[in-house]
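J.: From the sequence below, what's the structure:
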Amino acid sequence: MKLAILVVYFLRDENIPILDLHLKSLTEFTTDDFVIYGVAPRVSDTVRSRLVGVPKLEMVEIEPTDFVGSKEHSYYLNKLCEHAIANGAERLCTMDVDAFPVLEGWNQHLESEISAGNHLAAVFREENNDTALPHPSCCYFSSSFFRHYAPTFLPDDSVMAGPEFSEFLHATGQKPDSGIGVGFTVWKHQLPWKRLYRSNKRNDHYLLAGLYADTIFHLGAMSWTDRDFRKDRSTSALTAGLDSLAVLLRRAGLFRGPVAGLWRRANFAASRPLVRKTNNVFENILDRLKTDPRGYIRYLRGE
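T.: Sure, this is the predicted structure:
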């Protein structure tokens with residue numbers, strides 16, 4: 001059974017050691033025939049050259065997009081899915097560059113969930129207050145699921161503005177993010193899926209450096225400059241108040257032009273203490289992961 005692992009390679013030069021760890025772990029712990037289909041938009045020549053000649057890695061030429069953030073990530077994942085299926089993949093698994101397996105035979109473990117009747121098995125970040133989001137840091141599914149239901153990792157604006165998608169958000173309380181289109185699809189068709197919950201015995205942060213079902217590690221936010229997480233924002237009266245104000249302004253149709261600009265300037269100033277704190281935690285985690293990756297995984301497992 002041919003497995004296609006789909007990766008959008010967003011990273012800076014200083015994080016090439018994490019790329020190496022990602023590639024090494026996939027090679028070491030994947031037990032069936034597999035290929036990695038990757039795309040590397042907006043990376044340096046140094047990163048691009050590191051991706052040349054890697055066994056089982058095929059870089060795919062995809063038409064660039066002007067999208068940014070979740071839209072850009074989702075656009076490339078959708079295209080990689082289409083490429084994989086066109087090239088005979090029977091199983092697909094999206095994976096972030098800062099995610100990798102930590103269990104030998106991880107793919108067989110996830111395959112057993114499909115055999116048990118689930119339509120997909122995916123990282124589920126309950127700790128991020130997600131309620132219905134299969135996270136694309138690791139989302140495993142069959143080609144038949146993709147062909148039959150045609151999910152998109154982030155639906156286009158017309159779908160997201162429609163009544164059915166609004167009902168989905170209201171019913172689940174899920175916040176839009178990359179992967180929301182897959183969540184919408186399984187909700188709409190009432191399809192069972194396996195949630196891979198965070199299994200850390202030790203945590204350096206509630207969201208960063210997560211083990212999921214003791215099978216997949218996800219560092220999180222490696223490509224970000226400002227790690228401004230919504231759950232962190234709720235701990236500050238200033239940022240929580242600004243978020244509530246933004247909701248009210250959007251509902252009134254006023255979140256645009258000078259009003260939106262003023263909000264963003266106020267938000268930038270108010271969020272700096274939270275961002276600095278989280279960035280410091282991230283850098284400490286990153287240093288430990290680069291220095292002794294196996295030791296750090298053992299630490300997270302409580303060993």
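
J.: Give me the distance between the closest residue in space to residue 91 that isn't next to it in sequence and residue 56.
T.: With Cβ to Cβ, 6 or more residues apart in numbering as the criterion, residue 91 has its nearest non-adjacent residue at 4.6 Å, and that residue is residue 3. Just so you know, the C-beta spots here come from the backbone N, C-alpha and C atoms, and that holds for glycine as well. The spacing between residue 3 and residue 56, counted by Cβ to Cβ, to the nearest Å, is 10 Å.

J.: Give me the more crowded residue out of these two.
T.: In terms of neighbours (other Cβ atoms under 10 Å), residue 3 is the more surrounded of residue 3 and residue 56; the figures are 21 against 13.

J.: Identify the residues contacting the more buried one.
T.: By Cβ atoms under 8 Å, 6 or more residues apart in numbering, the contact list for residue 3 reads 30, 32-35, 89-93, 107.

J.: Run through the neighbouring helices and strands of the helix or strand containing residue 276.
T.: Element membership of residue 276, judged by DSSP states H and E, is helix 257-291. On a contact count with 3 or more Cβ pairs under 8 Å, 6 or more residues apart in numbering; DSSP states H and E, helix 257-291 meets helix 16-29, helix 230-233, helix 237-251, helix 293-300.

J.: Now do it against helix 16-29: the angle between them, please.
T.: On the basis of axes from the mean of the first three to the mean of the last three Cα atoms, to 10 degrees, helix 257-291 is oriented at 60 degrees to helix 16-29.

J.: still on that earlier bit, which of the helices and strands packed on helix 257-291 is buried the deepest?
T.: Among these, ranked by average contacts under mean count of other Cβ atoms under 10 Å, first place goes to helix 16-29 (a mean of 18).

J.: What helices and strands are in contact with that helix?
T.: Using 3+ Cβ pairs under 8 Å, 6+ apart: helix 16-29 touches strand 34-39, helix 45-50, strand 99-101, helix 257-291.

J.: Make CSV out of the ones you listed and add mean pLDDT and distance to residue 233.
T.: Converted to CSV, the helices and strands packed on helix 16-29 look like this (pLDDT from 0 to 100; distance: least, Cβ to Cβ, whole Å):
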stretch, mean pLDDT, distance to residue 233
strand 34-39, 97, 31
helix 45-50, 95, 31
strand 99-101, 98, 24
helix 257-291, 93, 7
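
J.: could those go into a markdown table alongside distance to residue 216 and mean neighbour count?
T.: Output for those, formatted as a markdown table (distance: least, Cβ to Cβ, whole Å; neighbours: other Cβ atoms under 10 Å):
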| stretch | distance to residue 216 | mean neighbour count |
| --- | --- | --- |
| strand 34-39 | 15 | 21 |
| helix 45-50 | 22 | 13 |
| strand 99-101 | 6 | 25 |
| helix 257-291 | 14 | 14 |
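
J.: Nearest residue to residue 216 in space, please, no chain neighbours.
T.: residue 138 (4.5 Å).

J.: The one you found is in what secondary structure piece?
T.: Assessed by DSSP H and E, residue 138 sits inside strand 135-142.

J.: before we move on, the earlier item: quick check: angle from the helix holding residue 276 to helix 293-300?
T.: Orientation check (the same axes, to 10 degrees): helix 257-291 against helix 293-300 gives 110 degrees.

J.: Now do helix 257-291 against helix 237-251, angle only.
T.: 130 degrees.

J.: follow-up on the earlier one: got a pLDDT number for the residue nearest to residue 91?
T.: Per-residue pLDDT puts residue 3 at 97.

J.: go on, residue 243?
T.: On pLDDT, residue 243 comes in at 91.

J.: before we move on, what about residue 247?
T.: 88.

J.: same deal with residue 141?
T.: We have a pLDDT of 98 for residue 141.

J.: Same question for residue 132.
T.: At residue 132, the model reports a pLDDT of 96.

J.: tell me the SS of residue 79?
T.: What DSSP: H, G, I helix; E, B strand; the rest coil gives for residue 79 is helix.

J.: ok, it - contacts?
T.: Counted by Cβ under 8 Å, 6+ apart, residue 79 has contacts 39, 60, 62-63.

J.: List only those of those flagged as buried.
T.: 39, 60, 62 (16 or more other Cβ atoms under 10 Å).

J.: ok, the last one to residue 79 distance?
T.: Computed with Cβ to Cβ, the distance linking residue 62 and residue 79 is 5 Å.

J.: Tell me the residues that contact both of the two, please.
T.: With Cβ under 8 Å, 6+ apart, residue 62 and residue 79 have common neighbours residue 39.

J.: my guess is residue 9 meets residue 47, correct?
T.: Yes: counting by Cβ atoms under 8 Å, residue 47 is a contact partner of residue 9 at 7.0 Å.

J.: Report the set of residues contacting both of the two.
T.: 19, 40.
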